[in-house]
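> coords please:
(8 chains, ligands or ions: 12)
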Protein chains: 8
Amino acid sequence: GFAHVDHHRPLRNGMAEVIYCEGKTAPQISKIIQKQLKAGCDILATRLAREAYLKLKKNLPSKASYNPEGRVLTIYKSTRPKPVGQILVVTAGTSDIPVAEEAIATAELLGSKVDKLVDVGVAGIHRLLDKVDRLREARVIVVVAGMDGALPSVVGGLVSCPVIGVPTSVGYGASFGGVAALLTMLNSCSTGVGAVNIDNGFGAGCLAHRINVMGAPSTT
Amino acid sequence: GFAHVDHHRPLRNGMAEVIYCEGKTAPQISKIIQKQLKAGCDILATRLAREAYLKLKKNLPSKASYNPEGRVLTIYKSTRPKPVGQILVVTAGTSDIPVAEEAIATAELLGSKVDKLVDVGVAGIHRLLDKVDRLREARVIVVVAGMDGALPSVVGGLVSCPVIGVPTSVGYGASFGGVAALLTMLNSCSTGVGAVNIDNGFGAGCLAHRINVMGAPSTT
Amino acid sequence: GFAHVDHHRPLRNGMAEVIYCEGKTAPQISKIIQKQLKAGCDILATRLAREAYLKLKKNLPSKASYNPEGRVLTIYKSTRPKPVGQILVVTAGTSDIPVAEEAIATAELLGSKVDKLVDVGVAGIHRLLDKVDRLREARVIVVVAGMDGALPSVVGGLVSCPVIGVPTSVGYGASFGGVAALLTMLNSCSTGVGAVNIDNGFGAGCLAHRINVMGAPSTT
Amino acid sequence: GFAHVDHHRPLRNGMAEVIYCEGKTAPQISKIIQKQLKAGCDILATRLAREAYLKLKKNLPSKASYNPEGRVLTIYKSTRPKPVGQILVVTAGTSDIPVAEEAIATAELLGSKVDKLVDVGVAGIHRLLDKVDRLREARVIVVVAGMDGALPSVVGGLVSCPVIGVPTSVGYGASFGGVAALLTMLNSCSTGVGAVNIDNGFGAGCLAHRINVMGAPSTT
Amino acid sequence: GFAHVDHHRPLRNGMAEVIYCEGKTAPQISKIIQKQLKAGCDILATRLAREAYLKLKKNLPSKASYNPEGRVLTIYKSTRPKPVGQILVVTAGTSDIPVAEEAIATAELLGSKVDKLVDVGVAGIHRLLDKVDRLREARVIVVVAGMDGALPSVVGGLVSCPVIGVPTSVGYGASFGGVAALLTMLNSCSTGVGAVNIDNGFGAGCLAHRINVMGAPSTT
Amino acid sequence: GFAHVDHHRPLRNGMAEVIYCEGKTAPQISKIIQKQLKAGCDILATRLAREAYLKLKKNLPSKASYNPEGRVLTIYKSTRPKPVGQILVVTAGTSDIPVAEEAIATAELLGSKVDKLVDVGVAGIHRLLDKVDRLREARVIVVVAGMDGALPSVVGGLVSCPVIGVPTSVGYGASFGGVAALLTMLNSCSTGVGAVNIDNGFGAGCLAHRINVMGAPSTT
Amino acid sequence: GFAHVDHHRPLRNGMAEVIYCEGKTAPQISKIIQKQLKAGCDILATRLAREAYLKLKKNLPSKASYNPEGRVLTIYKSTRPKPVGQILVVTAGTSDIPVAEEAIATAELLGSKVDKLVDVGVAGIHRLLDKVDRLREARVIVVVAGMDGALPSVVGGLVSCPVIGVPTSVGYGASFGGVAALLTMLNSCSTGVGAVNIDNGFGAGCLAHRINVMGAPSTT
Amino acid sequence: GFAHVDHHRPLRNGMAEVIYCEGKTAPQISKIIQKQLKAGCDILATRLAREAYLKLKKNLPSKASYNPEGRVLTIYKSTRPKPVGQILVVTAGTSDIPVAEEAIATAELLGSKVDKLVDVGVAGIHRLLDKVDRLREARVIVVVAGMDGALPSVVGGLVSCPVIGVPTSVGYGASFGGVAALLTMLNSCSTGVGAVNIDNGFGAGCLAHRINVMGAPSTT
Ligand SMILES: Nc1ncnc2c1ncn2[C@@H]1O[C@H](COP(=O)(O)O)[C@@H](O)[C@H]1O
Ligand SMILES: Nc1ncnc2c1ncn2[C@@H]1O[C@H](COP(=O)(O)O)[C@@H](O)[C@H]1O
Ligand SMILES: Nc1ncnc2c1ncn2[C@@H]1O[C@H](COP(=O)(O)O)[C@@H](O)[C@H]1O
Ligand SMILES: Nc1ncnc2c1ncn2[C@@H]1O[C@H](COP(=O)(O)O)[C@@H](O)[C@H]1O
Ligand SMILES: [Mg+2]
Ligand SMILES: [Mg+2]
Ligand SMILES: [Mg+2]
Ligand SMILES: [Mg+2]
Ligand SMILES: [Mg+2]
Ligand SMILES: [Mg+2]
Ligand SMILES: [Mg+2]
Ligand SMILES: [Mg+2]
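Ligands and ions are numbered 1, 2, ... in the order given. Predicted coordinates:
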């Protein structure tokens, strides 16, 4: 077989192996999905283009659900535990929403409760300041921003929970496909901010979930 | 005055403003320390070269403590709460230890309990595998690595807690001052890995602390 | 002679040729100063290291004044017109002050009135919001910021006057000597923001002055 | 809704939010236009591909006007004040004209009077020198240039008003999509030159307008 | 003629000139194949898109064989010596398989015996550790990995034979088309690791073959 | 202890852990050497500056030998097997010799026989062509070159054994500290060429040794 | 009009303005051609895609000639002087031929005699050494090479005439669209080598012509 | 010996091997000079720091001459032919003069007549336009410029002889050590411009000389 699926991963890392569809053919994706379904896993397939989804559709179970904006396919097992905690996903602009949707789908599949707040970028900072209460209710915040990528720095200064910056490739010219936003986040003058790869909503969703499900610390 | 210290920060972000000493003169650093001491804050000064420390020393309170390897100065107020939780700081090589020390000093000052595990890089992977139990005891792991920066990917695959990668500038040539290690971490094939800036032990310590002190989530 | 001083420049561009001292020897700088003094110009010498200044000092007229933080030397002719307009120079951190001083010295020499506001970076956004009135009084704002370079985006969203971003080389690692801050400014999601080179306080001062001295527009 | 339109922006920044169409679907653009029309704003939509425009067309008011070269759509409210001041937009080559058109449409919508001068690049410097009078009549000059991006340096040396350089992605190979021209402008050996992002005619138009509408300074 | 085929190469370098099809038209490729067939060489054509192959097909001898995944065409002369030695080609993920196939086809054509092991990346390190015996049977190992490119470092630490890292362009954002993986390999903290260009399965196959066919050293 | 020396490495990888001295203090280096001597290993310490060596010297055994050009320290155990095989180390210019010396010391310590050929760069190609016989006697060739890094391509075309390119940081300007030479080698139009990191004589020596000691292949 | 054709250029620079067709529409190109024909100039249009040419064709004079490989259109006036001197255009591979064709068409249009030598790259250096006589007959040599870009260094060492290197975008991965070859040429260890932009056959043709037509120097 | 001096180079390339002193010790340089003197060559040593020169001085023949600005040492044989032709070396600023001096020394040693024109950069274009006659007298022009590197484009448009651009590392921030100027020259919108490496006065001098000594072309 061409794929060496890591079935112990749920035990070890708390989640099944997610299918990254970029560069895979529809039949390849289909075979992996069938294997994982047989193994009784929930399915998350990311970067699944609408065209590829349409080819897969007829062979998918009825409970499969496709989010065209986030380009993610999820297939949940019938009984699911109640979502826990509170992740907030924030975007700077409307163009950043697809990446946010990937993060949301990922964290929800893993069992987290997720809320969102969109188009509150720093060019109109009052839009964010109006929502400080919602920011402070979150256990962990994912901030998705392209172009100048400045939003995580502002959010990081307003809250005391962990902040995960997701740079997006929104922009042109000297945005260099998201590098400008990534560098902004890595150089954040606020503390408590970590970054994931450009457009990596999936990675942000996983990391946010790992944080969100944490129990209380003991004192030594 | 030349510095606009942000005294509300402890309330807002859970920590006082830390003094970044790179590019500041000893007298400038001294003035900021005196101000913060008067305001009753714990002091953390990072990137403090030994020479600058020696100039400051005579004016510091006796409880001041300087870590020359991590180049950090800490001044703790007399009564301190017991450290909580469990952060593990791991390094790939011995050359990465200074950055790890900055992370440890930061997280400890903020109130976290921190443990360390050094020189367990992927060139001798059994050194890490021998310590899987310690990895799994941590609530959050900071992985410090230069050169190929491969260690966070391996750690991320072995645990289910959040992992923070800190690339270091250890290396030469095509390591580009830590860029190679940074890119490795941003492109980690393991999930649950976030990154901070190159050599940013301080930032990793802050983010790890924000995660480590989290209470338990509620189910909705 | 080794330098071809452009004496018509004051007529053409509204300012004399400024002496950029980096990479010039003290005797070379001295000769150029003497030439320009003879030609009756005001003198502005930038990037003048303290050591070079001390070598020049004995041959300078008494009205020469050296700003060690900004590394600028100015020699004003005896009678000077009243400064006009209102430029505001803002910095994100205390480490950005030297570049701000270069901008201030430049714009003042050219005849502008300049005010400053320091250490109001986005990690504590209330420090800036508290000063919105001063921001709105300015005819043009120069915003000096290193690391994430996010401040000009926030300022640009709060005012309707032109904003000039000056990225600084403050930071380390993935700040790439100011490139991160520069890219942030070029990709600003706020409108009305232009950028000059990294650490180019001089260039920002010139451009701000050209804007600040403008008369009122006519309607056609 | 998916977009959080910033309706206070006209009051705060002197202009309504402009619609950036890259990466937005025609229905999304249509919805935002309808919202803004209801709010009584003038409309400017940039980066609107001809195909998307043709889809929108039937639902647009008759006074809508589309510039295919600049890829901008404008809808002006019936009564408009007389345009004020004098912005000059200059291009180095004919290939730079689309970016110039974006700048012109933006500044005109905002209320500025704009003139243009095209194809006067430095390979035939006399073409520019022949027009020095027109350069000197402008209150602010926008210089649009790709490839070597040398024109703003020459213009900056000929005038005393502010100059805004707009690098374009015209070129190939080591022009790196406009980076070569951008760097030239950031390193301009002329004073009084600021830069905006590559191909950012919109940003240049906004900044030029902010400058062009300035009233006269007071002396203190 | 447009190509200057190097017929002495088999004598000098131990292999015929391989046809790199990227950017060549089908007729150009066809002519080169005919020439080499006449000269009695085995044929290896790499980067041959399926479409181009279909155009060539009718004029190819029946023993021609096309591998669509690796995009390689091979035409073996009738009698072939037994393959010698043992090369192991390992991939980190399933997406890296096409590059691995190019390496395998190349080394096999040259006369090497090649085995493969796929999808054993470091996110689930036990998958590799389970196969240490197969790793240790190889004379030379080619490790193909995209994204973080961490696998060669781990392999290099487990074996004593030469390891050739092949970075792939699998990934997105800050993987920069394979640059992240390439840098990881160049900075490998394991010894005994060399690298070839991104996606260069062909180059890895050649180098591995040159190593694999070596006879025993003499002692001096 | 601060270093987690990997004592099983000789068994696993065929060589002891080598001491990389850059960024380590003399006392740190001294402690590691003492540990390894006690463990009965041969010692190789690379990037050891003359100053650090002079501090260590008095505590070193008499059989210690320091190569100032290559900045390597070696301590051989009394009885050594005869060196085997034949590695040839070639340099393009005289400035590349230090990196070559590091490679030679490494391979010799590991047990290989090594020969060298210096200053035969492509600007005077006859210098290389005069030595084709020596090139063809080698089992593996290490080619060390800075500036244009063109030599490995020419060597790769003249021989059938494996070629390891070592780019050096010799050069200035657009050599970017060895990046130009590295890219040349990665893009070599000759087959059979692999590359290691810039200035990485150590890595080249290890890889060349792994190749050089190989026994003869079996046919299957 | 949208183009400001520089009709004095033939007098000033010895050649008419050449039409760069990339990014221009067929009607735009057509208009410029008509203007220049009226002005009595020879026409050279570069980067003219086959499709655009087919649209223009019916309106072109019968003496127009299109080279599809080099993507250049030339229209010569009826009487032409005899070509002078001797330019040699050399390519490393067959894939570099289109760029070479652009150089040849340019230099020939300007009046130079041009010869070519293709596919003589350094992987088989004897192919070049066999042609040393032809290299030495040239007054100026244009060397076109992609991938490692090593050929100009070898040619520069074999001749005493000026050598112009033209890097091409032939290659993949770490060739970075021709940057690797460009850097090789800029860092050539041979003297007498200058470089033009990636794929800039046109620029090389112009420069080679300016050199090729030079008369003899006088002694002072 | 450590250096393999290429004594046939004068015959082959028209010049002796020049000594590049960067990274060579004074004794190494001294040995090479003695060898070349014995071989009867003229000596040119570039990048020779004042300190190294002072160490060499006592062993040099009396006719040795050192230019501290250009950091070049020349030793001419007693009888020299009259310099021929006319090279013009132009600089944009005074800071570019050292690189110009390296070019001048090189071309003069080789036998060319060289003239210079300094500090005529594009910020004051009339300084250049005033000298058009001198520009037009040259057979070849070397233009040395840092920062924006715009001067060669302007010069290229004013003359019909070959122009060689030499970018310098003069500048800071986004000049990236001369990269900005280099890219400007490679993307010159003027024809007839070639470039050499950053700060490579030596290379420009060699290339200019090869061009300057050319005899007249024959017509075919
Ligand atoms: N051509 C353009 N280039 C850069 N920014 C633009 C352009 N057109 C519009 N914008 C900005 O993009 C914002 C909308 O972004 P978004 O929220 O993602 O739709 C507007 O408010 C403008 O400030
Ligand atoms: N080692 C460090 N790395 C990054 N940021 C730091 C470090 N130490 C302190 N800081 C931050 O720098 C801020 C002070 O910057 P400034 O106002 O320029 O003095 C502090 O509030 C911290 O958030
Ligand atoms: N010159 C060198 N270049 C690259 N790596 C080296 C060099 N010398 C030693 N090393 C590696 O560095 C490792 C030690 O790194 P560390 O644990 O940080 O002391 C050794 O095991 C070697 O694999
Ligand atoms: N300033 C310079 N810049 C670039 N190359 C130079 C320079 N000076 C001398 N060279 C070249 O460097 C070669 C000597 O290099 P090496 O063998 O390493 O000593 C000479 O033959 C020259 O071709
Ligand atoms: Mg928006
Ligand atoms: Mg170690
Ligand atoms: Mg501060
Ligand atoms: Mg034009
Ligand atoms: Mg997999
Ligand atoms: Mg040499
Ligand atoms: Mg070929
Ligand atoms: Mg000057």
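
> low-scoring pLDDT stretches of chain A, where are they?
A:1-16, A:78, A:219-220 (pLDDT under 70).

> switch to 80 and redo it
Where chain A drops to pLDDT under 80, the residues are A:1-17, A:77-80, A:218-220.

> is chain B contacted by the helix or strand where residue A:100 lies?
Using DSSP states H and E, residue A:100 sits within helix A:97-110. No - shown here: helix A:97-110 not in contact with chain B (C-beta under 8 Å from any C-beta of the partner chain), separated by at least 8.9 Å. For the C-beta atoms, the positions are set from N, CA and C on the backbone; glycine is no exception.

> spell out which parts of chain A neighbour ligand 1.
For chain A, the contact set with ligand 1 under C-beta under 6 Å from any ligand atom comprises A:93, A:94, A:95, A:119, A:123.

> count of neighbours near the third one?
What that stands for is residue A:95. A count of nearby residues for residue A:95, using other C-beta atoms under 10 Å in any protein chain shown, gives 23.

> and the spatially closest residue to it that is not a sequence neighbour, how close does it get to ligand 7?
In space, and not counting its chain neighbours, residue A:95 is closest to residue A:170: 4.4 Å by C-beta to C-beta, 6 or more residues apart in numbering or on different chains. Going from residue A:170 to ligand 7 by C-beta to the ion, to the nearest Å gives 30 Å.

> double-check that residue A:115 belongs to a helix.
No - read with DSSP: H, G, I helix; E, B strand; the rest coil, residue A:115 is strand and lies in no helix.

> is it in contact with residue A:89, as I believe?
Yes - using C-beta atoms under 8 Å, residue A:115 is in contact with residue A:89, at 7.3 Å.

> ok, those two, which is more surrounded?
Taking neighbours as other C-beta under 10 Å, residue A:115 and residue A:89 compare with residue A:89 leading, 30 against 14.

> from ligand 4, how far off is residue A:72?
To ligand 4, residue A:72 is 54 Å away according to C-beta to the nearest ligand atom, to the nearest Å.

> coming back round to it: how about the residues of chain A next to ligand 1 in a markdown table, adding secondary structure and distance to residue A:51?
Shown next, in a markdown table, are the residues of chain A next to ligand 1 (DSSP: H, G, I helix; E, B strand; the rest coil; distance: C-beta to C-beta, whole Å):
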| residue | secondary structure | distance to residue A:51 |
| --- | --- | --- |
| A:93 | coil | 26 |
| A:94 | helix | 24 |
| A:95 | helix | 22 |
| A:119 | coil | 28 |
| A:123 | helix | 35 |
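
> intersect these with the contacts of ligand 3.
By C-beta under 6 Å from any ligand atom, no member of the residues of chain A next to ligand 1 lies near ligand 3.

> what's the separation between residue A:39 and residue E:60?
Note on residue A:39: its distance to residue E:60, by C-beta to C-beta, to the nearest Å, is 43 Å.

> with neighbour numbers in mind, choose between those two.
Neighbours per residue (other C-beta under 10 Å) separate residue A:39 from residue E:60, with residue E:60 holding more: 18 against 12.

> show me what contacts the more buried one?
By C-beta atoms under 8 Å, 6 or more residues apart in numbering or on different chains, the residues touching residue E:60 are E:33, E:73, E:75.

> quickly find the element holding it.
Assignment of secondary structure by DSSP H and E places residue E:60 within no helix or strand.

> and the residue of chain A found nearest ligand 12, how many neighbours?
Closest residue of chain A to ligand 12, C-beta to the ion: residue A:174 (28.6 Å). The number of residues packed around residue A:174, counting by other C-beta under 10 Å, is 26.

> which residues touch the residue nearest to it when sequence neighbours are not counted?
Leaving aside its chain neighbours, residue A:174 sits nearest to residue C:186 (4.5 Å; criterion: C-beta to C-beta, 6+ apart). Applying C-beta under 8 Å, 6+ apart to residue C:186 gives the contacts A:173, A:174, A:180, C:195, D:182, D:195, D:196, D:197, D:198.

> and of those residues, the nearest to chain B?
Using C-beta to the nearest C-beta, residue A:180 is the member of those that lies nearest chain B, at 14.6 Å.

> residues in chain A within reach of ligand 5, list them.
Applying C-beta under 5 Å from the ion, we find that chain A lies next to ligand 5 at A:93, A:119.

> ok, which stretches of chain A are strands?
According to DSSP state E, chain A carries its strands in the segments A:19-20, A:43-46, A:64-67, A:72-75, A:84-91, A:112-117, A:140-145, A:163-167, A:193-195.

> go through the residues of chain A next to ligand 1 and name the one nearest ligand 2.
If you rank the residues of chain A next to ligand 1 by distance to ligand 2 using C-beta to the nearest ligand atom, residue A:123 comes first, at 23.8 Å.

> how far away is that closest one from residue A:134?
Residue A:123 sits 20 Å away from residue A:134, going by C-beta to C-beta.

> of these two, give the one with the bigger neighbour count.
Legend: neighbour count by other C-beta under 10 Å for residue A:123 and residue A:134, higher for residue A:123 (26 against 16).

> what residues are bridge-paired with the residue nearest to residue A:73 when sequence neighbours are not counted?
Using C-beta to C-beta, 6+ apart and skipping residues adjacent in sequence, the residue nearest residue A:73 is residue A:45, 4.2 Å away. On the basis of DSSP bridges, residue A:45 is bridged to residue A:19, residue A:73.

> most neighbours among the contacts of residue E:60, which one?
residue E:73 leads the contacts of residue E:60 on contacts (other C-beta under 10 Å) with 24 neighbours.

> isn't that one right up against residue E:65?
Yes - if you go by C-beta under 8 Å, residue E:73 and residue E:65 touch, sitting 7.3 Å apart.

> look up how far ligand 2 lies from the residue nearest to residue A:73.
When residue A:45 is compared with ligand 2 (using C-beta to the nearest ligand atom), they lie 38 Å apart.

> residue A:92 too?
Separation of residue A:92 from ligand 2 (C-beta to the nearest ligand atom) stands at 22 Å.

> that residue and residue A:152 touch, don't they?
No - judged on C-beta under 8 Å, residue A:92 makes no contact with residue A:152 at a distance of 9.1 Å.

> what's the overlap in contacts for these two?
Listed as contacting both residue A:92 and residue A:152 by C-beta under 8 Å, 6+ apart are A:143, A:145.

> so how far is residue A:94 from the residue nearest to residue A:146 when sequence neighbours are not counted?
Leaving aside its sequence neighbours, residue A:146 sits nearest to residue A:170 (C-beta to C-beta, 6+ apart; 2.9 Å). Separation of residue A:170 from residue A:94 (C-beta to C-beta): 9 Å.

> same question for residue A:41.
Distance from residue A:41 to residue A:94, by C-beta to C-beta: 34 Å.

> what number of residues lie near the nearest residue to residue A:215 once chain neighbours are set aside?
Of all residues not flanking residue A:215 in the chain, residue B:216 sits nearest, at 4.5 Å (C-beta to C-beta, 6+ apart). The tally of other residues near residue B:216 (other C-beta under 10 Å) stands at 12.

> ok, residue B:216 touching residue A:218?
No - Residue B:216 is beyond contact range of residue A:218, at 11.3 Å (criterion: C-beta under 8 Å).

> ends of stretch A:103-122, how far apart?
With C-alpha to C-alpha, to the nearest Å as the measure, stretch A:103-122 spans 21 Å from end to end.

> tell me the backbone dihedrals of residue A:22, please.
Main-chain dihedrals, residue A:22, degrees, to the nearest 10: phi -50, psi 130.

> what's around it, how many residues?
Neighbourhood size, residue A:22 [other C-beta under 10 Å]: 14.

> how close does the closest residue to it other than its chain neighbours get to residue E:124?
Sequence neighbours aside, residue A:47 is the residue nearest to residue A:22 in space, at 4.3 Å (criterion: C-beta to C-beta, 6+ apart). Residue A:47 sits 20 Å away from residue E:124, going by C-beta to C-beta.
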